[in-house]
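Chemist: predicted coordinates and the sequence they were generated for:
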Amino acid sequence: LFRRAFLTEGGTRFNAMKNGEDNYFLFDVYSRPFGKIVFNRKPYYIQEKRAGSATGIFNPDRAEQEYAISRRFDRFIEGAPCESERFEDMVEKCYVGGLYKTLENLARAGNSVKSADKTAELKRYLEREKVRESLANVPLAVYDTRGSRMKLLILRTLLLRLRLYRAAVKMAEIHIRMNP
């Protein structure tokens, strides 16, 4: 919970993003001077996907929005009054998570976007140094390999590390068709 005065004094508002505006907002708020911030690494957020929701349809701006969220979190950690190295794994997971969401978004475009354009967009996203480094650094051991979804994430990670972008897009398209 935030006091309204705290938000209005700093000019903090929700932006016009279609996806992830809540995360961007929170990273913006947390970047402001606080007495104390506590991190709990246990996830309490469960994302539900519904048919027709903003996360379930193609958004041509999604890649830029995901990168903006990752950058905002990265800058927040860099400026936090703590040893930022302790949280580097969280920053890397944020960049890789944005990459996966971008890949999933491209898969949702269906035939409205050419395959070559999807591959080019994914390639452009991976040209960003921090995204490339994060993909290379996130250990495959972080994935719980018991479920088929996690095995798909490992395969997707390997395809992206090997720069097999078209194969990664095709695999994501098949996954979307099988799990709408």
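Modeler: Thanks, I have it. Numbers count the residues shown, from 1 in each chain.
Chemist: can you name the residues in contact with the helix or strand of the chain with the lowest mean pLDDT?
Modeler: Least confident helix or strand, the chain: helix 21-30 with a mean of 74, by mean pLDDT, DSSP states H and E. For helix 21-30, contacts defined as CB atoms under 8 Å, 6 or more residues apart in numbering pick out 2, 7, 10, 12-15, 17, 37, 68-69, 72-73, 75-76. The way it works is simple: take the backbone N, C-alpha and C, and place the C-beta from them, glycine included.
Chemist: and it, how far out from the chain middle?
Modeler: Offset of helix 21-30 from its chain centre (CA atoms, centre = their mean, to the nearest Å): 14 Å.
Chemist: next secondary structure after it?
Modeler: Sequence order places helix 62-79 as the next helix or strand after helix 21-30, per DSSP states H and E.
Chemist: in the chain, where is pLDDT below threshold?
Modeler: 1-2, 17-19, 33-41, 43-52, 54, 81, 84, 141-150, 180 (pLDDT under 70).
Chemist: could you point out the longest helix of it?
Modeler: Of all segments of type helix in the chain, defined using DSSP state H, the longest is helix 88-108.
Chemist: what's the angle from that one to helix 21-30?
Modeler: Taking axes from the mean of the first three to the mean of the last three CA atoms, to 10 degrees, one finds helix 88-108 and helix 21-30 inclined to each other by 150 degrees.
Chemist: now do helix 88-108: everything it contacts.
Modeler: Here helix 88-108 has contacts from 19, 41, 56-59, 62-63, 66-67, 69-70, 73-74, 77, 113, 118, 121-122, 125-126, 130-131, 133-135, 137-138, 142, 153, 156-157, 160, 168-169, 172-173, 175-176, using CB under 8 Å, 6+ apart.
Chemist: among the residues you listed, the buried ones, what's the PyMOL command?
Modeler: With 16 or more other CB atoms under 10 Å as the criterion, this PyMOL line picks the buried residues out of these:
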select buried, resi 19+59+62+63+66+67+69+70+73+74+77+113+118+121+122+125+126+131+134+135+138+153+156+157+160+168+169+172+173+176
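Chemist: any idea how far residue 14 lies from residue 5?
Modeler: Separation of residue 14 from residue 5 (CB to CB, to the nearest Å): 17 Å.
Chemist: hang on, residue 31 packs against residue 75?
Modeler: Yes: using CB atoms under 8 Å, residue 31 is in contact with residue 75, at 7.0 Å.
Chemist: the two: which has the busier surroundings?
Modeler: For residue 31 and residue 75, the more surrounded residue by other CB atoms under 10 Å is residue 31, and the numbers stand at 18 against 14.
Chemist: with residue 136 as the reference, measure out to residue 177.
Modeler: Taking CB to CB, one finds residue 177 at 29 Å from residue 136.
Chemist: the longest helix of the chain: what's the following helix or strand?
Modeler: helix 115-126.
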